[in-house]
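1. sequence and predicted structure, then a few things I'm wondering about:
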Amino acid sequence: MAHLVRYIPCGREAAAESIGYIGKAFNQKFQEIWQKKYINKSKQQSFTAYCLIISGKVVPLHRFTHTEPASQDVGAAIGRKHYILKCVADALFLTINISFCMDIYKILKYYRRIDSPRLKLLGIMGLHLLHRRYLYVALDPSLACNLRCRLCYFSNQEKVKEMGGRFSEEDITAIQKSVFHRCLKLQIGDGAEPTTYPGLLELVKKAREKNIPTISISTNGNLLTQEKLRQLVENGLNELILSTHGMSRQVYEYMMRNARFDHFTQLLQDISEIRKEHPGLKVRVNFTMCEDNIDDLKLLPQVFSSMKPDVIQLRPVQDIGSSIYKNYSIDPIFDKYDETVGVVIRFCQENNITCLFPQKGNLEVIQHDNDRQEHFNSSIDMLPYFHLSPHEAWKTEFNPYEENFEQYARRTHRVRKMLKMLLGHSAGDEEGVTRAMNYRVG
């Protein structure tokens, strides 16, 4: 286990801030080591120090002496050198965290704490060049859905007629051999419903064979039974992502056409039972907010009073194209933010639930076009994202029968594009990319 820790002690009183970690959280034993080795020798001098703690041993990286009290702005007190070291340490430990820490949400939380997008890019590039896992593979094995949710393009009958592709067993095997070895997280189901795919259980098994740390399905849950879910978990599934657009029967069944609220509540009970047998199963809930369901967020603590998720993500509605829903105004969410989103944030804090939510000040970014800096940030954030779906011409983009990910990266000049981004050049058009990184992890 290893930790990068920043100390801002003043005299014998130390304020420790773990700015990166791998493995277990920073504990009292490490603090005692630091106190004995450094703090007791510092007398009344105030300083900031970075140290790396590996298996209980303190490895000092650098120490900055200054005269300002620790409670004041330390960054201003010790100047640019402190900032530069922090940046280098951030990039280094982003790489180390992703290489060794397999909890995707801990990695995500640390990633969001890095201020500089170019340092994030350096970390991603390091992982790519070192042949480490860093891909977030979003795989739609079939382009079908059992529901016709108003916020989704499956609500448009003309769009549905264009869908319908499905990966064969041979396709999945080829993808497994060519991509899964670089996959940090596999999400089965990205723009369609994975439980409509007959080979879902075999797909999960193939992912486990390649030791993918996080294997998840993103589903509306209406085709899942307790037994089907149990089989998936027993064969490698370790995260279940539930998509929902309502917390009351009326709103849930209005927004998610063909869905049954009774099945949703029964599924929550089934999950609770399966978690008793498989406590490692993580549950994430995705709630897309719009004017027609924002008030339902007040009911979320009641709905999840017994089966508490590990992660809750609140996403403002966005125009993903072709859906029958046309009200994309963020104003109702902004106006009711404290009494709706705020309720969920407090519920998560009280129950130790990771909450992914847009900060109130960032809602306008969703509604308006990105400025140049936001476009640059989104381009970097999308680098680990690798989407595969069985649309008609899918092999023209990436053919797993003829190339693996490394060959694909060389063919598409992935490193060259990263270097251009690092030097400030445009990485090309990224229109239609969801502004996912405007979420706070709490």
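-> Nice, I can see it. Numbers count the residues shown, from 1 in each chain.
2. isn't residue 383 up against residue 121?
-> Yes. Using C-beta atoms under 8 Å as the test, residue 383 is close enough to residue 121 to be in contact (7.5 Å). (C-beta placed from N, C-alpha, C; glycine too.)
3. what sits in contact with each of those two?
-> Common neighbours of residue 383 and residue 121, using C-beta atoms under 8 Å, 6 or more residues apart in numbering, are residue 418.
4. domain-wise, how is this structure divided?
-> As given by automatic domain parsing, the domain ranges for the chain are 2-129, 135-404.
5. by mean pLDDT, show me the worst of the ones you listed.
-> When the domains of the chain are compared on mean pLDDT, domain 2-129 scores lowest, with a mean of 52.
6. can you tell me how far residue 305 sits from residue 182?
-> 40 Å (C-beta to C-beta, to the nearest Å).
7. look at these two and report which has more neighbours.
-> residue 182 (22 against 11; other C-beta atoms under 10 Å).
8. which parts of the stretch 51-200 of the chain are helices?
-> 74-100, 104-113, 117-129, 157-162, 169-179, 200-209 (DSSP state H, counting those that start in this stretch).
9. please name the nearest non-neighbouring residue to residue 387.
-> The shortest distance from residue 387 to any non-neighbouring residue, by C-beta to C-beta, 6 or more residues apart in numbering, is to residue 138 (4.6 Å).
10. same thing with residue 125?
-> residue 418 (4.9 Å).
11. just residue 389 next, same as before
-> residue 140 (3.9 Å).
12. so who does the one you found touch?
-> Counting by C-beta under 8 Å, 6+ apart, residue 140 has contacts 188, 189, 190, 191, 192, 194, 387, 388, 389, 390.
13. please name the residues that touch residue 319.
-> Applying C-beta under 8 Å, 6+ apart, the residues near residue 319 are residue 328.
14. can we see that at 10 Å?
-> 151, 325, 326, 328, 432 (C-beta atoms under 10 Å, 6 or more residues apart in numbering).
15. how many residues are close by residue 158?
-> 8.
16. over to residue 391?
-> Residue 391: 16 neighbours (other C-beta under 10 Å).
17. distance between the ends of stretch 390-408?
-> End-to-end distance for stretch 390-408, by C-alpha to C-alpha, to the nearest Å: 18 Å.
18. wait, residue 209 touches residue 236, no?
-> Yes. Between residue 209 and residue 236 there is a contact under C-beta atoms under 10 Å: 8.3 Å.
19. give me the more crowded residue out of those two.
-> More neighbours surround residue 236 than the other of residue 209 and residue 236, with 19 against 11 (other C-beta under 10 Å).
20. of the contacts of residue 319 - the most surrounded one?
-> If you rank the contacts of residue 319 by neighbour count (other C-beta under 10 Å), residue 151 sits at the top with 24 neighbours.
21. so that one makes contact with residue 220?
-> No. Here residue 151 lies out of contact with residue 220, judged by C-beta under 10 Å, at a distance of 11.6 Å.
22. and the closest residue to residue 205 other than its chain neighbours, how far from residue 201?
-> Distances taken as C-beta to C-beta, 6+ apart place residue 235 nearest to residue 205, at 5.0 Å, with adjacent residues excluded. Distance, residue 235 to residue 201, by C-beta to C-beta: 6 Å.
23. next: residue 341.
-> 37 Å.
24. same drill for these two, tell me which one is more crowded.
-> residue 341 (24 against 15).
25. you'd agree the more buried one is in a strand?
-> No. Under DSSP: H, G, I helix; E, B strand; the rest coil, residue 341 sits outside any strand and is assigned helix.
26. so who does it touch?
-> 287, 289, 294, 297, 314, 316, 333-334, 355, 357-360, 363.
27. any idea which of those residues is closest to residue 133?
-> residue 355 (25.7 Å; C-beta to C-beta).
28. bridging residues for that closest one?
-> residue 312 (DSSP bridges).
29. neighbours of residue 354, how many?
-> Other residues close to residue 354 by other C-beta under 10 Å number 18.
30. so how far is residue 345 from it?
-> 11 Å.
31. roughly how far apart are the residue nearest to residue 205 and residue 176?
-> Taking C-beta to C-beta, one finds residue 235 at 14 Å from residue 176.
32. more crowded one of those two?
-> When residue 235 and residue 176 are compared on other C-beta under 10 Å, the one with more neighbours turns out to be residue 176, at 20 against 17.
33. quick one: which of the contacts of residue 319 is nearest residue 252?
-> residue 151 (12.6 Å).
34. now do the contacts for that closest one.
-> 243, 245, 255-256, 288-290, 292-293, 315, 317-320, 323-325, 328.
35. quick one: which of the residues you listed sit in strands?
-> 243, 288, 289, 315 (DSSP state E).
36. export those residues to CSV and tack on distance to residue 131 and neighbour count?
-> Below are these laid out as CSV (distance: C-beta to C-beta, whole Å; neighbours: other C-beta atoms under 10 Å):
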residue, distance to residue 131, neighbour count
243, 33, 22
288, 36, 19
289, 39, 26
315, 33, 19
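37. out of these, who's nearest residue 167?
-> Using C-beta to C-beta, those come closest to residue 167 at residue 243, 21.1 Å.
38. beta partners for that closest one?
-> So, taking DSSP bridges as the rule, residue 243 has residue 286 as bridge partners.
39. tell me who's in contact with it.
-> Residue 243 neighbours (C-beta under 10 Å, 6+ apart): 147, 149, 151-152, 189, 193, 218-221, 256, 284-288, 313, 315.
40. emit the PyMOL select command for whichever of these are buried.
-> With 16 or more other C-beta atoms under 10 Å as the criterion, this PyMOL line picks the buried residues out of the contacts of residue 243:
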select buried, resi 147+149+151+152+189+193+218+219+220+221+256+284+285+286+287+288+313+315
